[in-house]
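Trainee: prediction below, plus the sequence it came from.
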Amino acid sequence: MADWTDGYVADIGYTYGYYSELNPLRSRLAFLSSGLAAPEIETACELGFGQGLSANIHAAAMPVQWHGTDFNPAQVAFARELAAASGAEIALSDEAFATFAHRHDLPDFDYIGLHGIWSWVSDDNRTAIVDFVRRKLKVGGVLYISYNALPGWAAFAPLRHLMTEHADMIGAEGHGIVNRINGAIDFIDKFIATDPAYLRANPQIANRFNLIKGQNRHYLAHEYFNRDWDSMHFGTLAKWLEPAKVSFGCSADYLDHYDVFSLSPEQSTYLSNIPNLLLRQSVRDFLVNQQFRRDYWVKGARRLTPLQRTERLRAERVVLVSHRSEVALKFTGALRQATLQPQIYEPILDQLAAHVPKTVSEIEQALKGRVGFDVIVEALIVLIGMGHVAPALATDVAAVARKRTNRLNAHLLDAARSNGDIAHLACPITGGGMGLSRFRQLFLLASRQGRRATSDWARFVWELLESQGERIVKDGQKLETPEQNLAELNTQATAFADRYLPILKALQVA
């Protein structure tokens, strides 16, 4: 009998993650910043969509016709449940890539996205993916692909191999993948205690393994324990994609657009003197020890003139999605901790403080004589990369999307009563997802149900937790008494009302 899983982990569901890089709207500023024409996206497809949260949020929040496939029927069933809730235009299949690639009823796509799946499938499946992109991506269309990269995985890959060898050879099949993972982790713990020469040659591996031990087992199952697993040099991926006639556009990681955060001046100069774009990307991966790449490729890249680039950038809209006080002007890049210049970033953040979308041109005019256009664009790219600012849709487009996002969010808020698996809601302003923890979702649900006082929100959440035998964990300690739990929930509800609910209303999530 054929194995329909094709070596991919199927006895445990994938996590309910949301990945903003799969939002087609994000590609626009990245392309324009790099001097490339950004396509208008009307049709999109996600290959290997997992639980389908990203695909459903994007289908609900954008005027784009979505398709997608994932081999796991349980995950497809969940994704279709979300689609039915929102009423979005999205068609989801459980077909294998090779079968899906040869369907004749699919449109050609302006955008095709794959998050991570490239690293976890066989070469036959990679061939099917490339063939699909070759035949179904429109001229001018964008391919987003993320994958485990070399050289960043080079040191850890042997230990990952040892873990999976243990799970396959000694782990008891009938005891499930979680027990096999736990057994493999215990095995590696004991291996490390023997002080092997491999670890002495790669001393950073022990710390990395310690991080893995604390991660969600569902995530680990799909990240590390598939039969097919590969990390890849950028140049190797480029050769794989040659038959699809796509060329490298730019990084989907906005912070990669400015080398000052990742490279020393000497490294930056060295890199700039490499004339070949593909070789330059390969060398950069070695300079930063790249472990995971997120890239845009394009079928028929078109370079803009400086005037075209400037005019199109000025028309782009952005919005602040974080609370103003939480935007720290420091972050850790690949090279060092970077401090952003307050005289540049503070005025820009002031312009966006109301969480109302503004065009780059509007910000430029407001800051005329204080901050130049190119500096504004660079600062916005950095703020998007940090997750504080997001590209925004036109007002009329967002208004249409809001009906769908309201329906999807109502469904997700109801699900939050039972568990905290999903930590995002759909935002019609950004065309994407808005991170929101379970308790904040429940406070929002209480507000939607007409409870006005924050104390009533806290009581509503506590009654849900108590009925399910749950307790709040604070500072590593479980709060046992109702009084302790209610006190903590009251504190969180007040903070939600003061800080986050106004933002959610401005972004049309609430």
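Mentor: Looks like it came in fine.
Trainee: do you know how far Thr269 is from Asp259?
Mentor: Applying CB to CB, to the nearest Å, the value for Thr269 to Asp259 is 10 Å. Backbone N, C-alpha and C define where each C-beta goes, glycine included.
Trainee: the strands in the stretch 101-250 of the chain, which residues?
Mentor: Remark: strands assigned in the stretch 101-250 of the chain by DSSP state E, counting those that start in this stretch are 109-115, 137-148, 247-251.
Trainee: out of the ones you listed, deepest packed?
Mentor: Highest mean neighbour count of the strands of the stretch 101-250 of the chain: strand 109-115, a mean of 24 (counted as mean count of other CB atoms under 10 Å).
Trainee: alpha carbons of that one, as PDB, please.
Mentor: Only the C-alpha atoms of strand 109-115 are listed here, as PDB (Å, rounded to 0.1, in the frame of the first residue of the first chain):
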ATOM      1  CA  PHE A 109      -1.200  33.000 -10.200                       C
ATOM      2  CA  ASP A 110       0.300  36.400  -9.500                       C
ATOM      3  CA  TYR A 111       1.700  35.100  -6.200                       C
ATOM      4  CA  ILE A 112       2.800  31.600  -5.000                       C
ATOM      5  CA  GLY A 113       3.900  31.200  -1.400                       C
ATOM      6  CA  LEU A 114       5.700  28.300   0.400                       C
ATOM      7  CA  HIS A 115       6.700  28.700   4.100                       C
END
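Trainee: what angle separates that strand from strand 137-148?
Mentor: Going by axes from the mean of the first three to the mean of the last three CA atoms, to 10 degrees, strand 109-115 is angled at 10 degrees with respect to strand 137-148.
Trainee: pairing partners for strand 109-115, with directions?
Mentor: When sheet partners are counted by DSSP bridges, strand 109-115 sits next to strand 43-47 (parallel), strand 137-148 (parallel).
Trainee: neighbour count for Thr269 and Asp259, which is higher?
Mentor: Asp259 (21 against 11; other CB atoms under 10 Å).
Trainee: thought the more buried one was touching Tyr270?
Mentor: No - using CB atoms under 8 Å, Asp259 is not in contact with Tyr270; the gap is 10.7 Å.
Trainee: overlap of the contact sets of those two?
Mentor: Between them, Asp259 and Tyr270 have no joint contacts when contacts are counted by CB atoms under 8 Å, 6 or more residues apart in numbering.
Trainee: pull the residues that contact stretch 396-416.
Mentor: Residues from elsewhere that reach stretch 396-416, judged by CB under 8 Å, 6+ apart: 56-57, 59-63, 81-82, 85-88, 392-393, 421-422, 424-429, 431, 438, 441-442, 444-445, 448, 508-509.
Trainee: list the buried ones in that stretch?
Mentor: 397-398, 401-402, 404-409, 411-413, 415-416 (16 or more other CB atoms under 10 Å).
Trainee: which helix or strand contains Phe331?
Mentor: Assigned by DSSP states H and E, Phe331 belongs to strand 330-332.
Trainee: contacting residues around the next helix or strand after that strand?
Mentor: Next helix or strand after strand 330-332 toward the C-terminus (DSSP H and E): strand 337-339. Residues from elsewhere that reach strand 337-339 (CB under 8 Å, 6+ apart): Val260, Phe261, Leu329, Lys330, Phe331, Thr332.
Trainee: quick one: mean pLDDT for strand 337-339?
Mentor: The pLDDT scores in strand 337-339 average 81.
Trainee: Arg134 contacts Leu241, doesn't it?
Mentor: No - counting by CB under 8 Å, Arg134 sits too far from Leu241 to count as a contact (9.2 Å).
Trainee: looking at the two, which one has more neighbours?
Mentor: Leu241 (20 against 16).
Trainee: for that one, give its distance to Asp230.
Mentor: Applying CB to CB, one obtains 15 Å for the distance of Leu241 from Asp230.
Trainee: from one end of stretch 328-345 to the other, what's the distance?
Mentor: Start-to-end span of stretch 328-345 (CA to CA, to the nearest Å) is 10 Å.
Trainee: again with stretch 94-107
Mentor: Stretch 94-107 end-to-end distance (CA to CA) = 18 Å.
Trainee: list the buried residues in that stretch.
Mentor: By neighbour count on 16+ other CB under 10 Å, the buried set for stretch 94-107 is Asp94, Ala96, Phe97, Phe100, Ala101, Leu106.
Trainee: near the closest residue in space to the fifth one that isn't next to it in sequence, how many other residues are there?
Mentor: In this case it means Ala101. Spatial nearest neighbour of Ala101, chain neighbours left out: Phe132 (3.9 Å); criterion: CB to CB, 6 or more residues apart in numbering. By other CB under 10 Å, 23 other residues sit near Phe132.
Trainee: with Arg459 instead?
Mentor: Residues lying near Arg459 (other CB under 10 Å) number 17.
Trainee: and for Glu378?
Mentor: Here the count is done by other CB under 10 Å, and Glu378 has 16 residues near it.
Trainee: mind listing what it touches?
Mentor: Neighbours of Glu378 in contact, by CB under 8 Å, 6+ apart: Tyr258.
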